[in-house]
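Q: Starting from these lines, generate the structure:
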Amino acid sequence: MNFAEPASQTFGILDAGSSKVVCLIAEQSVAGLRVLGFGHQRSQGVKAGVIVDLEQAEQAIRAAIAQAEKAAGVTLASLYVAVACGRLRSNTFTASTEILAASVSNHDIARLMSGARAYAERDSRMALHMNRITVELDGVPNSLDPAGMAANAMRAEVHAVTADGAPIQNLMLVLERCHLAVAGLYASPLASALSATSIDERHSGVTVIDIGAGTAKLAAFSAGQLVDVAVIPQGGHQMTADIAQSLHTPLNEAERIKVIYGNVISAQSDQHEVFSYPETGSEGRMQQATRAHLGDLLRRRSADILVSLMNRAGPGFGRNGAASSIVLTGGASQMAGFAEFASSVLQCPVRVGLVPQLVGVPKPALSPALATAAGVAMAAAGAFRDHAGVKPSSNEGTYVRRVGEWLKSSF
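A: Model prediction:
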């Protein structure tokens, strides 16, 4: 089901990740998309994109929403939500239907996609996104929107992004505790990819890799269509943990070291550049390490994340042009030298994605780490009509019951 078109109304966006919670309150009007309120809080109760503590997650989400509402001067009733949990995965399959009249109608297309969704949601999965990759009428290739064309039968190659229902239900229960409804769900890898690439890039073929704190995500495009999505539970937190373990220093100090001294491109001078840090369990005792040692730790983990993500990718990643160019987003992509290092590991051109300059967002926040929230905001405003999200269909009863009914009907 498509996102509602907010027109000139205000609407809210939520991206609750492993390291941060971002809430945007935006307005789409004839003048364009404008952010009225921006909320940013340190994440709590979320691990590898999955809510593990309802109360802690609620506190962080409430704080981010309240911060955005105060800045915008509005109170939200619902949100468009980015989803990275639930073991997101792709599935590509063929769906077909007989044409009921002399030409293809929108009803025929809806029937075909309804049958495709039922197939995608087998085995207790929930469809977050569906798109047609190719369409044939009577065995002959046709456009992706064949309404009005004469035919007896229609066949489509369909790509679906699905997730386990329980982790999404937990996310929605947190929002219910915040007295908020869900206006729409959007797969986080797709949102990041749409905000960081152009239409031309997606038509030529491109893959976007988003490396956050707790997850690394991939979204691949070929001929303008989404053809693959993959997620692994690794990210910047694992880099920090490696540093803490190797240097015997607290995690907060390891994060500081990563941010200040982290670099995945080696240089001869690294052997001689030394930094100091406190040792775990010793009162004020300082130790030293070289940037060369730190670089080795970061390169090993970064390569493991990139290779593991590629191994998780499905057949769509090898589709025409999808693997020919890589765009990086997410907080880890800001590490010095990461694009060059990724290019050497993946053996293809790599660049860091530029986040759209959303009017109203503080300039320090306009980084690749904001790619997901920016993508959902642009999608909710109607910028990506070919890449629609889904939303709960029932508007009756309490929200928790509506969630239960939606999940039950989906399964």
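Q: host element of Q41?
A: Per DSSP states H and E, Q41 falls inside strand 32-42.
Q: What helices and strands are in contact with that strand?
A: Based on contacts counted as 3 or more CB pairs under 8 Å, 6 or more residues apart in numbering; DSSP states H and E, the elements that strand 32-42 packs against are strand 20-29, helix 54-72, helix 371-380. No exception for glycine: its C-beta is placed from N, CA and C like everyone else's.
Q: which residues of this structure score low on pLDDT?
A: Counting by pLDDT under 70, the chain contains low-confidence residues at 1-8, 320, 383-411.
Q: mind listing the helices for the stretch 51-200 of the chain?
A: Along the stretch 51-200 of the chain, counting by DSSP state H, counting those that start in this stretch, helices occupy 54-72, 106-120, 165-177, 188-196, 199-204.
Q: among the ones you listed, which is nearest K217?
A: Distances from K217 to each of those were compared by CB to CB, and the smallest falls on helix 188-196, at 3.8 Å.
Q: Would you mind listing the outside residues contacting that closest one?
A: By CB atoms under 8 Å, 6 or more residues apart in numbering, the list of residues contacting helix 188-196 from outside reads 15, 49, 82-84, 88, 129, 161, 206, 208, 210, 217-219, 221, 226, 229-231, 327, 329-330, 353-356, 368, 371-376, 378-379, 383-384, 387.
Q: in that helix, what counts as buried?
A: 188-196 (16 or more other CB atoms under 10 Å).
Q: would you turn the residues you listed into JSON lines with distance to M172?
A: JSON lines is the format used below for these (distance: CB to CB, whole Å):
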{"residue": "S188", "distance to M172": "15"}
{"residue": "P189", "distance to M172": "19"}
{"residue": "L190", "distance to M172": "19"}
{"residue": "A191", "distance to M172": "17"}
{"residue": "S192", "distance to M172": "21"}
{"residue": "A193", "distance to M172": "24"}
{"residue": "L194", "distance to M172": "23"}
{"residue": "S195", "distance to M172": "23"}
{"residue": "A196", "distance to M172": "27"}
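Q: which one of those sits closest to M113?
A: Comparing these against M113 with CB to CB places L190 closest, at 17.2 Å.
Q: ok, now how distant is the closest one from K363?
A: Separation of L190 from K363 (CB to CB, to the nearest Å) stands at 26 Å.
Q: give me every residue that touches G321.
A: Contacts were defined as CB under 8 Å, 6+ apart; by that measure G321 touches 204-206, 222-223.
Q: Tell me the secondary structure at it.
A: Look at G321: counting by DSSP: H, G, I helix; E, B strand; the rest coil, its state is coil.
Q: Please apply the same query to the one 3 residues further on.
A: Remark: S324 carries the secondary structure label coil [criterion: three-state DSSP].
Q: Pull the number of nearby residues for the closest residue to it other than its chain neighbours.
A: Setting aside the residues directly before and after it, S324 is nearest to G205 in space (CB to CB, 6 or more residues apart in numbering), at 5.1 Å. Other residues near G205 come to 19 when the count uses other CB atoms under 10 Å.
Q: How about the contacts made by G205?
A: So, once contact is read as CB under 8 Å, 6+ apart, G205 ends up touching 221-223, 319-325.
Q: got the phi/psi numbers for it?
A: G205 has phi and psi values of phi 110, psi 120 when expressed as degrees, to the nearest 10.
Q: roughly how far apart are it and Q271?
A: Plainly put, G205 is 40 Å away from Q271 if you go by CB to CB.
Q: still on that earlier bit, out of the helices of the stretch 51-200 of the chain, flag the one nearest T280.
A: helix 54-72 (24.3 Å).
Q: Could you export stretch 55-72 as PDB, CA atoms only?
A: Coordinates of the C-alpha atoms in stretch 55-72 are reproduced here as PDB (Å, rounded to 0.1, in the frame of the first residue of the first chain):
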ATOM      1  CA  GLU A  55      11.200   1.100  28.300                       C
ATOM      2  CA  GLN A  56      14.600   2.300  27.300                       C
ATOM      3  CA  ALA A  57      13.600   2.500  23.600                       C
ATOM      4  CA  GLU A  58      10.500   4.400  24.500                       C
ATOM      5  CA  GLN A  59      12.500   7.000  26.500                       C
ATOM      6  CA  ALA A  60      14.900   7.700  23.700                       C
ATOM      7  CA  ILE A  61      12.100   7.800  21.100                       C
ATOM      8  CA  ARG A  62       9.900  10.000  23.200                       C
ATOM      9  CA  ALA A  63      12.800  12.400  23.800                       C
ATOM     10  CA  ALA A  64      13.600  12.700  20.100                       C
ATOM     11  CA  ILE A  65      10.000  13.300  19.100                       C
ATOM     12  CA  ALA A  66       9.500  15.900  21.900                       C
ATOM     13  CA  GLN A  67      12.600  17.700  20.700                       C
ATOM     14  CA  ALA A  68      11.200  17.800  17.100                       C
ATOM     15  CA  GLU A  69       7.700  18.800  18.200                       C
ATOM     16  CA  LYS A  70       9.000  21.600  20.400                       C
ATOM     17  CA  ALA A  71      11.100  23.000  17.500                       C
ATOM     18  CA  ALA A  72       8.200  22.700  15.000                       C
END
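Q: Not counting sequence-adjacent ones, nearest residue to V83?
A: In space, and not counting its chain neighbours, V83 is closest to L185: 5.3 Å by CB to CB, 6+ apart.
Q: Format the helices of the stretch 51-200 of the chain as CSV; extra columns: distance to R256.
A: Shown next, in CSV, are those (distance: least, CB to CB, whole Å):
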stretch, distance to R256
helix 54-72, 21
helix 106-120, 44
helix 165-177, 30
helix 188-196, 26
helix 199-204, 35
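Q: circling back to that earlier point, report the beta-bridge partners for the residue nearest to V83.
A: With DSSP bridges applied, the residues forming beta bridges to L185 are V81, V390.
Q: Now for it, how many residues are close by?
A: Should you count by other CB under 10 Å, L185 turns out to have 25 residues around it.
Q: Sweet, I'm off.
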